[in-house]
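>>> sequence first, predicted coordinates after that:
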Amino acid sequence: MQHDGSLLTADRYDAVLVGAGIMSATLAALLHQLDPGLRLLMVERLEAPALESSGAGNNAGTGHAANCELNYTPLQADGTVATAKAVAINAAFERSLEFWGSLSERGQLNAQTFLHQAAHISAVWTEENIAFLRQRFSQLRELPAFAAMRWSEEPAELMEWMPLVMAGRDLKQPLAATRIERGTDVDFGALTRAYLLPLQASGALTVQYGCEVRDLKRLRKSDMTEADWQLILKGPSGRREVRAPFVFLGAGGGALPLLQRSGIPEAADFAGFPVSGLWLVCGDGQLADKQLAKVYGKAAVGAPPMSVPHLDTRWIDGRRSLLFGPFAGFSSKFLKQGSLLDLPGSVRATNLLPMLQVGATNIDLVRYLINQLRQSREQRHEALQQFMPTARAQDWTLSVAGQRVQIIKRSKQGGRLQLGTEVVAASDGSLAALLGASPGASTAVTIMLEVLERCFPQRLASEHWQQRLQALLPSYGEDPIADPAVLQSMRQRSNSLLDLKA
């Protein structure tokens, strides 16, 4: 600020994006493509982008397309599986691929830095789970998005599909798997950086690292100007005030406290429950090279959906690794590098009862977390050997993943634990926040399009933005779920990213 109290021109932006992870970076990329003249500010409390959940070693990385994640197709009372969520997630990931393909065609993104092909496999080994997988396969293969899914119970073929899972296994054990070749691994940390660097170089985006939002409030509209949000930032150079007509809170687990601080009425409906994760990681490149696939299993009875065990081919900082997990942990932090006071600090009169109701109605989840916290190193290795019988304990180290903050939402029926992600927006569209977790990163483009639709409806409807959006995402406004031709067109365009089969 100047001494007369007026704001310097440099202190006002068209949008402020809080958090330098995949969500804010995706929104920044979309906004810049739609209007290159926008002045954007990104605020990140850590010293570099994508150090929390967007990092490949934390939670993100699977390339969620619902090909192999069995929790997206739950068994129903009539013996069939629900497919709607899997189909929606698959379509959302295809839209992400379409966006990356467009930027690659324009020379603005190099997919080889963050995107790798890895088959997606579901594998189960009890008669009950094989019956479930067979039902899932029979339903999904009838849908265009999953028509290429293959089934096998043949040991020789399964050995080709997933050699690390099959080596040393008792072949008398019943085992079945499905496989989709058109699967990917995504390093969302590398993608975040690939989005941000050209925007910063062009001057369209300013990123302040080591900078924290200490306060934000909505200013009153005057006769001369539209109402702005005022944000008080604290960084290495001290306190700073910035203003913008639009704010996006994409700070992972840190979004909920900022949403509550904003004072918008919509924030009162939400609370959060943090769940930390642990991985067993093998950095032996020779071992990782033996299996170019992600193999997902079935969660144990009573375990929550986010606990689905998997042996995961993962590229971390350009190197092939193997991850197994996740094992659940608990911390009251909302961010991996957060504060133990995050959870108690989020409790309000409006969300305390919903939190207690969720605890009382999710005893299985509480019991699961307690058992996970009591696990020994030997028990974790035993779980790994169920997937990979030849695994040696000395080849694997325990790594702490990023924090997930599951949504607790107030409703007329009481508090509800809500999986997935949700966009919470002010009624006037001046502020939006993203709450929740998986499969967020993989569906970031679809989620950020929702932010644009809810917060920039007039501009999005303008001829200028529509032309730019149609050039960027030709499928926008069409339904790849209802129209197989749209899905085929999207896949043909994105196949150029990798040597993928439609």
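Yep, it's here.
>>> quick one: contacts for residue 191?
For residue 191, the contacting residues are 22, 25, 100, 113-115, by CB atoms under 8 Å, 6 or more residues apart in numbering. The way it works is simple: take the backbone N, C-alpha and C, and place the C-beta from them, glycine included.
>>> redo that, cut-off 10 Å
Contact partners of residue 191, counting by CB atoms under 10 Å, 6 or more residues apart in numbering, are 22, 25-26, 29, 50, 54, 56, 60, 96, 100, 109, 111, 113-115, 441, 444.
>>> are any of those buried, and which?
For these, a burial check counting by 16 or more other CB atoms under 10 Å picks out 22, 25-26, 29, 50, 54, 56, 60, 96, 100, 109, 111, 114-115, 441, 444.
>>> inside helices: which ones of those?
Taking DSSP state H as the definition of helices, the buried ones among the contacts of residue 191 contribute 22, 25-26, 29, 96, 100, 444.
>>> turn these into CSV, columns for distance to residue 259 and pLDDT.
Converted to CSV, those look like this (distance: CB to CB, whole Å; pLDDT from 0 to 100):
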residue, distance to residue 259, pLDDT
22, 19, 95
25, 19, 97
26, 19, 97
29, 23, 98
96, 25, 95
100, 29, 95
444, 19, 94
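>>> least confident secondary structure element in this structure?
helix 363-373 (a mean of 78; mean pLDDT, DSSP states H and E).
>>> where do the strands of the stretch 401-502 of the chain begin and end?
Using DSSP state E, counting those that start in this stretch, the strands found in the stretch 401-502 of the chain span residues 404-411, 414-418, 421-425, 431-436.
>>> looking at the ones you listed, which is closest to residue 361?
With CB to CB as the criterion, residue 361 lies closest to strand 414-418 of the strands of the stretch 401-502 of the chain, at 7.8 Å.
>>> contacts for that closest one?
Outside strand 414-418, the residues within contact range by CB under 10 Å, 6+ apart are 270-271, 273, 304, 351-362, 365, 406-411, 435-436.
>>> just the buried ones among these, please.
Applying 16+ other CB under 10 Å to these flags 270-271, 273, 304, 351, 354-355, 357-358, 362, 365, 406-410, 435-436 as buried.
>>> what about the stretch 1-150 of the chain, any weak spots by pLDDT?
For the stretch 1-150 of the chain, applying pLDDT under 70 flags the ranges 1-10, 60-62.
>>> tell me where it has strands.
Counting by DSSP E, counting those that start in this stretch, the strands of the stretch 1-150 of the chain are 15-18, 40-44, 115-117, 119-124, 150-152.
>>> any chance of those in a markdown table, plus distance to residue 338?
Shown next, in a markdown table, are these (distance: least, CB to CB, whole Å):
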| stretch | distance to residue 338 |
| --- | --- |
| strand 15-18 | 14 |
| strand 40-44 | 14 |
| strand 115-117 | 30 |
| strand 119-124 | 32 |
| strand 150-152 | 43 |
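>>> of all those strands, which lies closest to residue 460?
Of all those, it is strand 15-18 that lies closest to residue 460, at 14.0 Å by CB to CB.
>>> the closest one: partners in the sheet, and parallel or antiparallel?
Applying DSSP bridges, strand 15-18 is found paired with strand 40-44 (parallel), strand 247-249 (parallel).
>>> thinking again about what came up before, what is the nearest of the ones in helices among the buried ones among the contacts of residue 191 to residue 14?
Of all those, residue 29 has the smallest distance to residue 14: 14.8 Å, by CB to CB.
>>> can you give me the helices for the stretch 251-400 of the chain?
In the stretch 251-400 of the chain, the helices defined using DSSP state H, counting those that start in this stretch lie at 255-262, 285-288, 342-345, 352-361, 363-373, 377-387.
>>> thinking again about what came up before, check the buried ones among the contacts of residue 191 and tell me the two furthest apart.
Farthest pair in the buried ones among the contacts of residue 191, by CB to CB: 29 and 56, 19.0 Å.
>>> about what we covered before: looking at the strands of the stretch 401-502 of the chain, which is closest to residue 143?
Ranking those by proximity to residue 143 (CB to CB) places strand 421-425 first, at 23.1 Å.
>>> chain center to the closest one, what's the gap?
The chain centre lies 13 Å from the centre of strand 421-425; the measure is CA atoms, centre = their mean, to the nearest Å.
>>> got the contact list for that strand?
Contacts of strand 421-425 (CB under 10 Å, 6+ apart): 23, 248-249, 255-256, 259, 262, 264, 266-267, 269-270, 407, 409, 431-441, 443-444, 447-448, 450-451, 453-455.
>>> give me that answer again for 8 Å
By CB under 8 Å, 6+ apart, strand 421-425 touches 259, 266-267, 269-270, 407, 409, 431-437, 439-440, 443, 447, 450-451, 454-455.
>>> buried only: go through those residues for me.
By neighbour count, with 16+ other CB under 10 Å, those hold 259, 267, 269-270, 407, 409, 431-437, 439-440, 443, 447, 450-451, 454-455 as buried.
>>> end to end, how far does stretch 227-242 reach?
Across stretch 227-242, the terminal residues are separated by 13 Å (CA to CA, to the nearest Å).
>>> mind listing what's buried along that stretch?
228-231, 233, 240, 242.
>>> same question, stretch 37-51
Going by neighbour count (16+ other CB under 10 Å), the buried part of stretch 37-51 is 40-46, 49-51.
>>> now the least confident helix or strand of the chain - C-alpha only, PDB.
Only the C-alpha atoms of helix 363-373 are listed here, as PDB (Å, rounded to 0.1, in the frame of the first residue of the first chain):
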ATOM      1  CA  ILE A 363     -18.000 -47.500  13.200                       C
ATOM      2  CA  ASP A 364     -16.400 -49.800  10.600                       C
ATOM      3  CA  LEU A 365     -14.200 -46.800   9.500                       C
ATOM      4  CA  VAL A 366     -13.200 -46.100  13.000                       C
ATOM      5  CA  ARG A 367     -12.300 -49.700  13.700                       C
ATOM      6  CA  TYR A 368     -10.400 -49.900  10.400                       C
ATOM      7  CA  LEU A 369      -8.300 -46.900  11.300                       C
ATOM      8  CA  ILE A 370      -7.500 -48.200  14.700                       C
ATOM      9  CA  ASN A 371      -6.400 -51.600  13.300                       C
ATOM     10  CA  GLN A 372      -4.300 -49.800  10.600                       C
ATOM     11  CA  LEU A 373      -2.500 -47.700  13.300                       C
END
